[in-house]
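> Just the structure for this:
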Amino acid sequence: MFFLCILVYLAMGTQIYLVIEAGYPLLNTALPLHICGMAGILTAPVLYTNLKPLRAFYGFIGMPGALMALIFPAVMQSEQQGLMNAAFYTLHGLIVVCGVIAIFKKPRLSPRDAFLSYGLGVAFAFFVFGFNCFFHTNYLFLAFPPFGTPLEWLFKRGQAAYILSLLLLAFAVVCIEALGLSFISKSCIMKS
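Model prediction:
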């Protein structure tokens, strides 16, 4: 667990260093206001405590967010692009691994905890939306979607429809996770 935490924080630190080196404004890029940034910060508390709300947020929100980032990467440009890519993929891959640990370590999370994570995720999104409006940033891609992703299609319907679509997609993902966890839990009970 210690090694996982070190790798996550090293990957985050590398990205922040390269963002600073490239001259990007830190307010717009380096705060942990994306799902994966917040998940990265929470890695040690999630792995070393049994705080259900943190574990639920990490496993049910952070892990699928990291999976989406791996499938549709939006990597910052850097003069050291190879290092930036390595840090990006390491961080997001480790969040997926730690998300699985967060869900299945004892005491195990329940399907109900998936819905707790959705509530926490919505609260986080409202906070980030306010931050974006006040500081003219684009954390959680709430102001506009990352280029080259399917989210661009949703954004064409207007910002309100785009944000509502994001909330509905997140809810659908949480429902699927809850069903999957319920199935896994019942399968494990049946076998024992």
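
> Run through the helices of the chain in chain order.
2-22, 26-29, 35-48, 52-56, 63-71, 81-104, 111-135, 151-155, 159-191 (DSSP state H).

> Mind giving me the packing neighbours of the shortest one?
To tie it back to what came earlier, the one meant is helix 26-29. Judged by 3 or more CB pairs under 8 Å, 6 or more residues apart in numbering; DSSP states H and E, helix 26-29 is in contact with helix 2-22. All C-beta spots, glycine's among them, are computed from the backbone N, C-alpha and C.

> Please tabulate the helices of the chain in TSV and include mean neighbour count as additional columns.
Formatted as TSV, the helices of the chain follow (neighbours: other CB atoms under 10 Å):
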stretch	mean neighbour count
helix 2-22	16
helix 26-29	14
helix 35-48	21
helix 52-56	21
helix 63-71	20
helix 81-104	19
helix 111-135	17
helix 151-155	16
helix 159-191	14
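
> As a markdown table, those helices with mean pLDDT would be great.
A markdown table is the format used below for those (pLDDT from 0 to 100):
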| stretch | mean pLDDT |
| --- | --- |
| helix 2-22 | 94 |
| helix 26-29 | 85 |
| helix 35-48 | 94 |
| helix 52-56 | 93 |
| helix 63-71 | 93 |
| helix 81-104 | 95 |
| helix 111-135 | 94 |
| helix 151-155 | 89 |
| helix 159-191 | 86 |
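
> just so I know, which of those helices lies nearest Pro145?
helix 151-155 (3.4 Å; CB to CB).

> how much distance is there from that closest one to the middle of the chain?
Mean C-alpha position of helix 151-155 versus that of the full chain (CA atoms, centre = their mean, to the nearest Å) differs by 19 Å.

> quick revisit: so for Phe141, which of the helices of the chain sits nearest?
Here helix 151-155 is closest among the helices of the chain (CB to CB), at 6.5 Å.

> And the contacts of the closest one?
Helix 151-155 is contacted from outside by Phe141, Phe144, Pro145, Ala161, Tyr162, Ser165, Leu166, using CB atoms under 8 Å, 6 or more residues apart in numbering.

> In these, find the pair that's most separated.
Phe141 and Ala161 (14.5 Å).

> His136: how many residues sit nearby?
Other residues near His136 come to 10 when the count uses other CB atoms under 10 Å.

> Report the separation between it and Phe124.
19 Å (CB to CB, to the nearest Å).

> Likewise for Met76?
22 Å.

> measure the nearest residue to Ile163 once chain neighbours are set aside to Gly99 for me?
Distance criterion CB to CB, 6 or more residues apart in numbering; nearest residue to Ile163, sequence neighbours excluded, is Leu142 at 6.1 Å. Using CB to CB, Leu142 is found at 22 Å from Gly99.

> Need phi/psi at Pro25.
Main-chain torsions, Pro25, degrees, to the nearest 10: phi -70, psi 130.

> just Pro32 next, same as before
Dihedral angles (degrees, to the nearest 10) for Pro32: phi -80, psi 60.

> so what's it up against?
So Pro32 contacts Met38, Gly40, Ile41 (CB under 8 Å, 6+ apart).
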